[in-house]
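Q: Would you be able to build a 3D model of this:
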Amino acid sequence: NGNSKYPGANYIVRPDGKKKKITDETKEQLIEEIQPGYIVERHLMDGDISIFNRQPSLHRMSMMCHKIRVLPYKTLRLNPAVCAPYNADFDGDEMNLHIPQTEEARAEAEILMMVQTQLISPRYGLSIIGCVQDAITGNYILTKELEMSRNDAIDILYSAGIDDFSRLSKKEKISGREIFSMVLPSDFDFKGTARDKTPVVIEDGMLKEGFMDKANLGEGQGLMLRNIHKKYGQEKAIDILGKLFRLGTKTLVKIGFTTGISDTDLPGEANNNIKKILETSYIDVDNLIQTYYDKKLETFPGKTMLETLELKILERLNLARNETGKIVAEFSRTKGSKVLNQTGTLIMSDSGARGSPLNLAQMSACVGQQALRGARIVKGYKGRTLSCFKKDDLRPNAHGFIKGGFKEGLNPHEFFFMAMTGRDSLMDTALRTPKSGYLYRRLANALQDVKVEYDYTVREASGKIIQFKYGGDGIDVSKSEGGRINVDSIIANN
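A: I've put the predicted structure just below:
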């Protein structure tokens, strides 16, 4: 096909190493010239072996082997579930694609580096690849209380890649738990807990009790994915994971799911309560400041009176913010009603897919104290933080306490304080990266010749013993369940 038509080839390489480009003009001539021993550099095709990497490569899962699937357009695409080990997202990340050229290199990449072989992290012995974002939300809603007709259930399962419906009950209405159970193998048993400590029970591949959330579906969480991997092997595990993921996203497509600014709306009663809490905290802080001026404040051991005052004010304001957070959590939840009637933001936070109650509280009620290096903001002009405050003003506003939420908006001085803490954390991140990188390099060089000998001792190159048993317990973390050996299951299975 030449180099212009896919699938074709770009070059041929003669045995003496000379490279010739294939063009429409030279195509016919090269076909006649080609002989055994010539190398043809062809286009990539579906099923080719490749090595994919994202920098910084901080652990071995930053470089894994994938099979090529040729798609239109000029971006590298990958399954969202595999983003976690790469720490990749889709906001402009660049990645490297390597194509092993020899048969040996291909075999090695496929056997040692394939994504399936990297499911269990050597760091904590749990699945590093799990459901993320929409897949968690979808499965959470599905297993919590969704019901649908048999036709809809079959439709959703088929779109998730499941075509065996023999275990699906013949009833007209089918529960979300039953639909979810179709993905699991029929002889799978599991006992665990959800994020809110609700028991989760799976018997004979049926979810009998509880619901699915990040605690059992997420990466580096729970033992469900770990047990599937242990019992059925890596090929089946990755297949089940793929189906779980698709089932979650297809559920959301089916029922519709959204989040909007109205999720942060609060009833009048809640707003009044929040107002009261903040007013009380301001009065308490004023009282503290007054006791300080009266020189009656009890000092903490080893602190001056001013330092004690700062700590007490910080503590009081943080308490106020936490209390407003509780009110937001209480009022944003529709009492006793179904999951689907809750707001999208709340469902995401409950299922562990994204966000936390704190994010919601900061949006709708109170952003809280902006802290610089663990204390209130004191830097700025002489005797005050900004020129719009009086000198020696110790009240919350003058030292970076943001009273309103993000929805209400920030005042200019609040915005400036926020920019200060934002800059601080940005600097912190930028400085921490090279520090940890250099620390790791020194560690790696210091420990490079340490290995486990045949007598299970850990020794260095000269034979000096470092540990009598690897890690003190001789456990290979990547073959453990979250760093532990599950003795009960060993006894039960034998």
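
Q: low-scoring pLDDT stretches of the stretch 301-450 of the chain, where are they?
A: Within the stretch 301-450 of the chain, the stretches with pLDDT under 70 are 335-337.

Q: ok, which stretches of it are helices?
A: With DSSP state H, counting those that start in this stretch as the criterion, the stretch 301-450 of the chain has helices at 305-332, 344-351, 357-364, 412-447.

Q: What of the stretch 101-250 of the chain?
A: 103-108, 134-145, 150-159, 176-181, 214-217, 224-255.

Q: Show me what the last one is packed against.
A: Okay, so that is helix 224-255. Helix 224-255 sits against helix 134-145, helix 150-159, helix 176-181, strand 190-193, helix 214-217, with contacts defined as 3 or more Cβ pairs under 8 Å, 6 or more residues apart in numbering; DSSP states H and E. Every C-beta, even on glycine, is put in place using the N, C-alpha and C of the backbone.

Q: can we see that at 6 Å?
A: If you count contacts as 3 or more Cβ pairs under 6 Å, 6 or more residues apart in numbering; DSSP states H and E, helix 224-255 packs onto helix 134-145, helix 150-159.

Q: Now distance to Leu30, mean neighbour count and mean pLDDT too, for the ones you listed, in CSV please.
A: Below are the helices and strands packed on helix 224-255 laid out as CSV (distance: least, Cβ to Cβ, whole Å; neighbours: other Cβ atoms under 10 Å; pLDDT from 0 to 100):
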stretch, distance to Leu30, mean neighbour count, mean pLDDT
helix 134-145, 49, 25, 90
helix 150-159, 46, 17, 91
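
Q: For Arg432, which of those is the nearest?
A: helix 134-145 (28.7 Å; Cβ to Cβ).

Q: Just give me how far that closest one sits from the chain centre.
A: With Cα atoms, centre = their mean, to the nearest Å as the basis, helix 134-145 stands 17 Å off its chain's centre.

Q: Make residue 1 into 15 and carry on from there
A: Okay, residue one is now 15; in that scheme the one you just asked about reads as helix 148-159.

Q: gap between the closest residue to His243 other than its chain neighbours and Gly224?
A: The shortest distance from His243 to any non-neighbouring residue, by Cβ to Cβ, 6 or more residues apart in numbering, is to Ala251 (4.1 Å). For Ala251, the distance to Gly224 equals 21 Å [Cβ to Cβ, to the nearest Å].

Q: Give me the neighbour count for Ile113.
A: Residues contacting Ile113 under the criterion other Cβ atoms under 10 Å number 13.

Q: right, and it touches Phe66 too?
A: No: using Cβ atoms under 6 Å, Ile113 is not in contact with Phe66; the gap is 10.4 Å.

Q: Check the gap between the residue most central in space within the chain and Glu249 for me.
A: By Cα atoms, centre = their mean, the chain has its centre lying nearest to Ala98, at 6.0 Å. From Ala98 across to Glu249, the span is 20 Å (Cβ to Cβ).

Q: now swap in Ile134 and tell me
A: Per Cβ to Cβ, Ile134 is found 14 Å from Glu249.

Q: who's more crowded, those two?
A: The residue with more neighbours, out of Ile134 and Glu249, is Ile134; 23 against 10, by other Cβ under 10 Å.

Q: where does the residue nearest to that one when sequence neighbours are not counted land in three-state SS?
A: Once flanking residues are discounted, Ile134 sits nearest to Ser492: 5.5 Å by Cβ to Cβ, 6+ apart. What DSSP: H, G, I helix; E, B strand; the rest coil gives for Ser492 is helix.
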